[in-house]
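>>> coordinates only, no sequence provided:
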């Protein structure tokens, strides 16, 4: 079974910091597994900005490969206005793209910062996303 998911930037940062971690497993599912990434140009720009920050010292080639592969597998979605309140303005695009995609298909937002989003069954941690995938097998 395939699962549409918007990946919060913190999931990709954690995945790059430790590939064998739970976020690393989620990223692997998005690269060649059961997760179909849901993106738009703003999300891609956020990924690029954060993953290229000097403080992380990520290999530029590895960042490029990750982003190129995510883009290849992704479906793209624009978004409309949302009524829910999102504490961090930078997170609005992730939630709005999710809500737009959910008009067509079940989709999830995978984040390490659950408290930044409304409490919904489709806002999940990386561990919860892996559990959903496992339950669907």
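It's in. Fair warning: this is a prediction, and the values are worked out from it, not measured in the lab.
>>> what's near enough to touch residue 122?
For residue 122, the contact set (C-beta atoms under 8 Å, 6 or more residues apart in numbering) comprises 98, 102, 106-109. In short, each C-beta sits where N, CA and C put it, glycine included.
>>> apply 6 Å and report the result again.
Contact analysis of residue 122 by C-beta atoms under 6 Å, 6 or more residues apart in numbering lists residue 108.
>>> do residue 101 as well
Per C-beta under 6 Å, 6+ apart, neighbours of residue 101: 4, 38, 77, 107.
>>> not counting sequence-adjacent ones, nearest residue to it?
Closest residue to residue 101 apart from its sequence neighbours, by C-beta to C-beta, 6 or more residues apart in numbering: residue 107 at 4.3 Å.
>>> same check, this time on residue 52
The nearest residue in space to residue 52 (C-beta to C-beta, 6+ apart) is residue 63, at 6.1 Å.
>>> about what we covered before: in the sheet, who's paired with the residue nearest to residue 101?
Counting by DSSP bridges, residue 107 forms beta bridges with residue 4.
>>> list the buried ones in stretch 121-137?
122-126, 128-130, 132-133 (16 or more other C-beta atoms under 10 Å).
>>> this protein: helices as residue ranges?
9-17, 22-32, 41-51, 60-73, 92-101, 126-135 (DSSP state H).
>>> thinking again about what came up before, residues contacting the residue nearest to residue 101?
Residue 107 touches 4, 38, 98, 101, counting by C-beta under 6 Å, 6+ apart.
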